[in-house]
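Visitor: Quick one, what's the 3D model for this:
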Amino acid sequence: MKKFAAIIFTGMLVLMLGALSACGSDSDYAQGVTGDTITVGNTAATSGGFAMVGVPFNDGIRAYFHRVNEAGGVHGRQLRFVHHDDGFDPINGLAFTEALIHDDQVFAIVGHFGTPTIGATLGLLRETGIPTVYFASGIGALFSDDAFDNARGRNIFPVQAIFVTEGRVLAARAIEEYNARTIGVIYTSDEAGMDYLRGVRMQIEAMGAGFSIVEHQISPGQADVSSAVLDMIHSDVDVVIAAMSQISFIIVANAMANAGLTVPVFTSYVSADAVAIHSIAPDYIGAGATFPIYSTAWLDPDGIVDFMDFVDGVTAFGDPTLAGSAFAMAGWVAASTFVQGLQATDPDDLTWDGFISAMERTPISVPMAGVMDFSNGQRTGTEYLALLRVNFETQSWDTVRPLESLHAVLARVGN
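Guide: Next comes the predicted model:
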């Protein structure tokens, strides 16, 4: 009986080894990679209040992957994109990120979306070591200048501007454009709002005597923000910085128009989109408001070659309306950044470490945003930001200042 069992076991072992040998071409690759596909994915809000951001963002990713696949893919493999809708809920975001890694077994996460989900999952990403390219947020926890191992974010690749850096730029721009000395800040009590505020405080402190801040906190999505707006008016501030996400900014901007605010308003690149203009315009125009509205931008549509390439890409994908969406542009950038790293990866080393090493070795040409260098532990996001102004007549954002580094702006304001 023992001899018979040994024969059965030996036969099963031979069959198992034969099966492993048959798929040996895939065994040297990381999860999500087969002989003909590379699967990546994300979790993003494609329903609820943030669907107006998440839907075009993901469509931008799909449009870029569509172009790559039509041209033959990468290393002879088609790109497959898996998505879960977390509704901008961090609990769902964490669960779906775990599902992407352990159930869907994606090779990488591309376009990790939203401050709540990102904050809830950074520990998981670093613990597992899965490459994560582009974050649709700029929370300070993404920043690292010594990412030499995964515990410090070596597998993390932020591209868009970090909010702390942007807060400094917003304050510097306000000082440069309007010689502002008293700067009002309405900020949300979430991580994004606090990071913006931190950056503004850093810049005002660096400017020294003669500069001050008036701060007023609101909750994300708070419907009645009249007390915050009146505080700015009664404090006689020179400018107001709206440090918040787009949904909160739309609420605040409409309240400003109805309250009769007259000083300039500066806000983040997260609001530099046609959706914000269309949502603000009725109250702004109806109230006869006169305050100018500015935002930063890290994507430069004036980079005409890259922009027209994007327009051609989303048109070929089947949705030319995406050409007017800054969020679709961001998704396009996320996919492009990932694909460039993948193309630079040795096709015989399609592993997480092989991809991460390629991202560090090869500077990435970010469409409409310059070059990103992840070498020497740099995970700082872009420091190049333009300045835009709302044009309600044309329903667009006009460029006031081109893409410039933080250092260039600070040099002009004497800091």
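Visitor: How many neighbouring residues does G138 have?
Guide: 29 (other Cβ atoms under 10 Å). For the C-beta atoms, the positions are set from N, CA and C on the backbone; glycine is no exception.
Visitor: OK, contacts around it?
Guide: By Cβ atoms under 8 Å, 6 or more residues apart in numbering, the residues touching G138 are 158, 160-166, 192, 195, 381.
Visitor: Equivalent analysis for Q395, please.
Guide: 274, 277-278, 281.
Visitor: out of these, who has the most neighbours?
Guide: I277 (21 neighbours).
Visitor: would that one count as being in a helix?
Guide: Yes. Note on I277: a helix contains this position according to DSSP: H, G, I helix; E, B strand; the rest coil.
Visitor: quick one: contacts for it?
Guide: By Cβ under 8 Å, 6+ apart, the contact list for I277 reads 390, 392, 395-397.
Visitor: Generate a PyMOL selection restricted to the buried subset of those.
Guide: Applied in PyMOL, the following selects the buried portion of the contacts of I277 according to 16 or more other Cβ atoms under 10 Å:
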select buried, resi 390+397
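Visitor: Dump the contacts of I277 to a markdown table, plus secondary structure, distance to H84 and pLDDT.
Guide: Below are the contacts of I277 laid out as a markdown table (DSSP: H, G, I helix; E, B strand; the rest coil; distance: Cβ to Cβ, whole Å; pLDDT from 0 to 100):
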| residue | secondary structure | distance to H84 | pLDDT |
| --- | --- | --- | --- |
| V390 | strand | 34 | 96 |
| F392 | coil | 37 | 94 |
| Q395 | coil | 33 | 90 |
| S396 | strand | 33 | 89 |
| W397 | strand | 31 | 90 |
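Visitor: CSV for the contacts of I277, including distance to V409?
Guide: What follows is the contacts of I277, written out as CSV (distance: Cβ to Cβ, whole Å):
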residue, distance to V409
V390, 20
F392, 26
Q395, 28
S396, 23
W397, 18
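Visitor: tell me which of the contacts of I277 is nearest to E98?
Guide: W397 (37.7 Å; Cβ to Cβ).
Visitor: Touching, the closest one and G324? I think so.
Guide: No. Counting by Cβ atoms under 8 Å, W397 does not reach G324; the two are 10.8 Å apart.
Visitor: if I look at the most centrally placed residue in the chain, how far off is G111?
Guide: Closest residue to the average C-alpha location of the chain: A136 at 2.3 Å, with Cα atoms, centre = their mean. Distance from A136 to G111, counting by Cβ to Cβ, to the nearest Å: 6 Å.
Visitor: Over to I280?
Guide: Per Cβ to Cβ, I280 is found 27 Å from G111.
Visitor: the more surrounded of these two?
Guide: The neighbour comparison of I280 against G111 (other Cβ under 10 Å) goes to G111, with 30 against 23.
Visitor: In contact with the residue nearest to N254 when sequence neighbours are not counted: list those residues for me.
Guide: Among residues not flanking N254 along the chain, D283 sits closest, at 4.1 Å (Cβ to Cβ, 6 or more residues apart in numbering). With contact taken as Cβ under 8 Å, 6+ apart, D283 is in contact with 253-254, 257-258, 289.
Visitor: can you tell me the helix or strand for D283?
Guide: Assigned by DSSP states H and E, D283 belongs to helix 274-286.
Visitor: centre of the chain versus that helix, how much separation?
Guide: On the basis of Cα atoms, centre = their mean, to the nearest Å, helix 274-286 is displaced by 24 Å from the centre of the chain it belongs to.
Visitor: now do stretch 203-222
Guide: In terms of Cα atoms, centre = their mean, the centre of stretch 203-222 is found 24 Å from the chain centre.
Visitor: thinking again about what came up before, could you pull out the residues contacting both of A136 and G111?
Guide: Counting by Cβ under 8 Å, 6+ apart, the residues touching both A136 and G111 are 44, 57, 334.
Visitor: Now neighbour count too, for those residues, in CSV please.
Guide: Formatted as CSV, the shared contacts of A136 and G111 follow (neighbours: other Cβ atoms under 10 Å):
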residue, neighbour count
A44, 28
F57, 29
A334, 28
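Visitor: can you tell me which of these are in helices?
Guide: 57, 334 (DSSP state H).
Visitor: quick one: contacts for G354?
Guide: By Cβ under 8 Å, 6+ apart, the residues touching G354 are 345-346.
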